[in-house]
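> I'll drop the sequence and a predicted model, then ask my questions.
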Amino acid sequence: MIGWISLALIAVGAFFFLAGSTGVLRFPDVYTRLHALTKADNLGLGFVVLGLSLRADSWIVVLKMLLIWSLVIVAGATASHLVAEAARMSNVPPWRKRS
C-alpha cells in the first residue's frame, strides 16, 4: 500500500513539474513565467520528496531530502527575485491584456 501511495505522490510531483514547464512556454512575460516555474517546481519537488520519504530506509535520508528541498526553495526564490529585479531594472514591462 505504501508503494502505491509513494508512486502517486511522485506522479503528482511530476505533474507539477510538467505544469511549471508548460507555464514557462505559454505565459506572456518574464514575471509570470518566473512565478509559474518557481511555484510549480517547488511544489513538484515537495511531492517527490514526500513520495521518496515513504520509501526511505532511515530517518537520516528523509532529513537529508528535506534539507535539500528547503535549500532548493531558498535558491529558487533568490534566483527568481534576481531575475525579476534585473528585468525591472532593464525596463521590461509587465504584460498587459490589450483591449
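Done, it's in.
> make it CA atoms for all contacts and neighbour counts henceforth
Fine.
> ok now do the residue most central in space within the chain, which residues does it touch?
Closest to where the C-alpha atoms of the chain average out (CA atoms, centre = their mean) is D41, at 1.4 Å. With contact set as CA atoms under 8 Å, 6 or more residues apart in numbering, D41 has these partners: 16-17, 20.
> tell me which residues in the longest helix anywhere in the chain are buried?
Looking across the chain with DSSP state H, the single longest helix is helix 59-89. Within helix 59-89, the residues that count as buried by 16 or more other CA atoms under 10 Å are 62, 65-66, 69, 72-73, 76-77, 80, 84.
> From the chain's centroid, how far away is that helix?
Centroid displacement of helix 59-89 relative to its chain, using CA atoms, centre = their mean, to the nearest Å, is 9 Å.
> same deal with stretch 56-64?
The mean C-alpha position of stretch 56-64 is separated from the chain mean by 22 Å, CA atoms, centre = their mean.
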